[in-house]
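>>> with the input below, show me the fold.
(one chain, ligands or ions: 1)
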Amino acid sequence: MKHKSTIALISASILASSAFATTYSLPMAMVAAEQAVNAGKFEAGNSTFLLNGEPFVVKAAELHYPRIPKPYWDQRIKLCKALGMNTICLYTFWNSHEPVEDQFDFSGQNDLREFIKLCKENDMKVILRPGPYVCAEWEMGGLPWWLLKKKDIKLRENDSYFLERVDKFQKAVADQVGDLTIANGGPIIMVQVENEYGSYGQDKEYVGNIRDMLRKNFGDEVTLFQCDWSSNFQLNGLDDLIWTMNFGTGANIDQQFAKLKELRPESPLMCSEFWSGWFDKWGANHETRPAADMIEGIDEMLSKGISFSLYMTHGGTNWGHWAGANSPGYAPDVTSYDYDAPISESGQTTPKYWDLRKTLAKYYEGKKLPAVPKTIKPIAVNKFKFTEVAPLFTNLPVSKKDENIKTMEEYNQGFGSILYRTSLPELKNGGVLSVNDAHDFAQVFVDGKYIGKLDRRNGEKEITLPSCKKGSQLDILVEAMGRINFGRAIKDFKGITNNVTVQEDRDGHKFVCDLKNWEVFNLEDTPEFYDSMEFFPIEKFTASENGRLPIGVYKGTFNVGKPSDTFLSFESWGKGLVYVNGHGIGRIWEIGPQQTLYMPGCWLKKGENEIMVFDIVGPREAVSEGLKTPLLDNLQVQKPLTHRLEGETLDLSGLKPVLTGEFTSGNGWQEKKLDMPASGRYLCFEAVDAIDGKDNAAIAEFYVLDENGERLSREPWIVDYADSEDVKSGNRSADKLFDLQESTYWSTIPGDAFPHSFVIDLGGNKKISAIQYLPRMESDVPGAIKNFRVFVSPTPFKK
Ligand code: GLA
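As a prediction, this is how the structure comes out:
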């Protein structure tokens, strides 16, 4: 199928694209002619997609090129093809393409054009998802941190500066790959407009603006779509775009498409993100999802002609400081983005891969699937010792003076750590230091002595200071982890975001001092900065009383005979960032669950390789070794993952519920209203029994409505109590009730007897008029609750 306007369009896009003209030197007439010959069309037909007029079921494998070492791109695409997929679905991460305002980078790992051309060479179609926001467990959901230098910016809204920057980025992307759309003979069949906007807000005008930018850059013929959840896609669904649904394995597929079918009976159906697994967070259980659920779901979709993209088919790695964080609360993601996907982080085929391949083979039009390419054989690297260390506190860079504390962004720093130093007033009886707020991991020192830490994940803001003389030196070392990539909290400033006070009790009076006159040391995360420090032989240092070597940068070398992939172990280290031969291979943190970092062989050299670790806590032993298999499931946390302390119970006897009710069976949201609004800070939900009569209660999402029927913000919510939480078979603790993810859920331990209750501290006294409850997504709705009671109280319920 040819397009009348193809040649004119190509010429216009080539002329408009200076990047294309300078970078790619094929004679333009030849390019245009070749593309015109191959030009095709992809569109929504009646209940099916049409590729050049023929029905086409999209079987897409989600891969993110920056998460895969470039020399392995081709092999990973071939692995997807050999699975039986026909399309590669990919995000572009704005912040890796424009790390500094107006300085675009589409080279090396960022070579989007090369990646898409590889897809084409492998006869794979491409779905492009250029954001600007992508979520993806990537720093700030792909938005560049420097946007935050404009402190009052409104992200993902009609903010003129935001839109101006998005426009430039979208134009830069189109300059690279605008000529690779199907209308131009390229592999790109569809382009996504924004990403799951329904879980951020309701603003059709903004979404419309992003659509218009894409049309302007990719031409009117480009097929555009929006992806969202079945529960919220109507909020922002634009009439002229294709609508697709995102949901996880195990979900009731018919129910996920029910609303769409009702509104648009002729729309082709596509699950644009079918979650094969899930991502890991520091300090939580390693996530896995059963292969059987994934296979069953894909089989069902294909038997019904439903298109899908398997998110992730191969997850890869959050190199360097690129891992994001989840919210509400603050839950930073680990370095590995293995995702329990069919192709492992290091490109190995897993049992899930082979099972899936068997299923996809059934839908390969009677043809034989392509052969599975060879995978890389990982090697072991002998245990080696680091040889040099540059202690941080004797290697501080030139400082800045500032009366008031400022965020990292205000000092033009995007990543790494920041040290704030000032002097303390006299504290005769000691005091309480309040850091409002430290993003994300602060360590407090007085006159060089370590006092303690404040971990944002646990909402820690206060620390007790010992008595000290006037003028004692206060140091607060703050490490920034990934910026939040989900929900409203993506506007996530780093360093100290507001102020620091010290409070002392003097003769029964509280004396509060807002600390001023700071000296600020910016410790930017770059290998050049670490390398510029003064290093000493490691033997000069011994572990201090806490068993740790100094905070600082550690250097060493290790030898490799024949370079291949390996997994470097950091089990004896504290917390920090690792560089090998100049490649940032990721963050480490002793709490796990990830204890090794994937070290691609393509970035190793035969013979000596250089390694550098910035450990902000200090290692217990400065050694490492390369393992043949990764350690992604070794959690080392002291604090339990559950919310009920040993022996704690809840006594509701004599209390009058503000709401008693019964839920109906089936999937989907249910709302129950109170007769009259009630007030309280603590809300206790008691599940009395289950629809299936079994001893198990589960809730995917839970909201509370205020007196105007609006959803209360769940940002300040804290789980105060939960009688039973299944953290053995997965992360099913009660905070999953309000983690904004419909595919994760709170579940009691199967077999624990009813009733089951949880208590939420709403963060302040609130008027409550109704609750909204979403049971699990599976068609048999495990743990669906029948009878329930709700109590509210100004004070905690616990005894
Ligand atoms: C959503 C987002 C993705 C990713 C997944 C969870 O669907 O669109 O970018 O964050 O959740 O992995």
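>>> packing partners for the longest helix seen in the chain?
Using DSSP state H, we find that the single longest helix of the chain is helix 160-177. When contacts are defined as 3 or more Cβ pairs under 8 Å, 6 or more residues apart in numbering; DSSP states H and E, helix 160-177 sits against helix 18-23, helix 94-97, helix 112-121, helix 204-218. Every residue, glycine included, has its C-beta placed from N, CA and C.
>>> JSON lines for those helices, including mean pLDDT, distance to the ligand and mean neighbour count?
Formatted as JSON lines, those follow (pLDDT from 0 to 100; distance: least, Cβ to the nearest ligand atom, whole Å; neighbours: other Cβ atoms under 10 Å):
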{"stretch": "helix 18-23", "mean pLDDT": "34", "distance to the ligand": "27", "mean neighbour count": "14"}
{"stretch": "helix 94-97", "mean pLDDT": "98", "distance to the ligand": "13", "mean neighbour count": "24"}
{"stretch": "helix 112-121", "mean pLDDT": "98", "distance to the ligand": "17", "mean neighbour count": "19"}
{"stretch": "helix 204-218", "mean pLDDT": "97", "distance to the ligand": "15", "mean neighbour count": "19"}
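>>> make CSV from those helices and add distance to Met533 to it.
Output for the helices and strands packed on helix 160-177, formatted as CSV (distance: least, Cβ to Cβ, whole Å):
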stretch, distance to Met533
helix 18-23, 38
helix 94-97, 26
helix 112-121, 35
helix 204-218, 44
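>>> just checking, next helix/strand downstream of the longest helix of the chain?
strand 188-192 (DSSP states H and E).
>>> list the contacts of that following strand.
Taking contacts as Cβ atoms under 8 Å, 6 or more residues apart in numbering, the residues outside strand 188-192 that touch it are 42, 51, 58, 87, 116, 125-130, 177, 180-182, 214, 218, 222-227, 242, 272.
>>> distance check, the nearest residue in space to Asp615 that is not next to it in sequence against His509.
Computed as Cβ to Cβ, 6 or more residues apart in numbering, the closest residue to Asp615 that is not its neighbour in sequence is Gly576, at 4.2 Å. Per Cβ to Cβ, to the nearest Å, Gly576 is found 42 Å from His509.
>>> neighbour count for these two, which is higher?
Between Gly576 and His509, Gly576 has the larger neighbour count (other Cβ atoms under 10 Å), namely 23 against 7.
>>> give me phi/psi at the more buried one?
For Gly576, the backbone dihedrals are phi 170, psi -150 (criterion: degrees, to the nearest 10).
>>> that one pairs with what?
Note on Gly576: beta-bridge partners by DSSP bridges are Ile588, Asp615.
>>> pretty sure it contacts Phe614?
Yes: taking contacts as Cβ atoms under 8 Å, Gly576 lies within contact range of Phe614: 4.7 Å.
>>> next SSE after the helix or strand hosting Val512?
If you go by DSSP H and E, Val512 is part of strand 509-514. Where DSSP H and E defines the elements, the next helix or strand beyond strand 509-514 is strand 518-524.
>>> tell me the buried residues in that next one?
Within strand 518-524, the residues scored as buried using 16 or more other Cβ atoms under 10 Å are 518-524.
>>> for those, which one is nearest the ligand?
Glu524 (27.2 Å; Cβ to the nearest ligand atom).
>>> just give me the neighbour total for the nearest residue to the closest one once chain neighbours are set aside.
Leaving aside its chain neighbours, Glu524 sits nearest to Gly416 (4.7 Å; criterion: Cβ to Cβ, 6+ apart). Look at Gly416: counted by other Cβ under 10 Å, it has 21 neighbours.
>>> what's the distance between Gly416 and the ligand?
Gly416 sits 24 Å away from the ligand, going by Cβ to the nearest ligand atom, to the nearest Å.
>>> for Asp167, same thing?
22 Å.
>>> can you pull the contacts of the closest residue to that residue other than its chain neighbours?
Excluding the flanking residues, the one nearest Asp167 by Cβ to Cβ, 6+ apart is Met213, at 5.5 Å. Applying Cβ under 8 Å, 6+ apart to Met213 gives the contacts 166-167, 170-171.
>>> spell out which residues of this protein are next to the ligand.
134-137, 195-196, 246, 273, 279 (Cβ under 6 Å from any ligand atom).
>>> of all those, which comes closest to Trp94?
Val134 (7.8 Å; Cβ to Cβ).
>>> could you check the pLDDT of that closest one?
pLDDT for Val134: 98.
>>> over to it. Which of the three states is it?
coil (DSSP: H, G, I helix; E, B strand; the rest coil).
>>> that one touches Gly141, doesn't it?
Yes: using Cβ under 8 Å, Val134 is in contact with Gly141, at 5.8 Å.
>>> what touches both of the two?
Joint contacts of Val134 and Gly141 (Cβ under 8 Å, 6+ apart) are Asn195.
>>> so these two - more neighbours on which side?
Comparing Val134 with Gly141 by other Cβ under 10 Å, the one with more neighbours is Gly141, at 29 against 26.
>>> which stretches of this protein have low pLDDT?
1-37, 799 (pLDDT under 70).
>>> report the separation between the residue nearest to the spatial centre of it and Gly320.
When Cα atoms, centre = their mean is applied to the chain, the residue found nearest the centroid is Glu137 (1.5 Å). Counting by Cβ to Cβ, the gap from Glu137 to Gly320 is 14 Å.
>>> I'm done for today, thanks for sticking with me.
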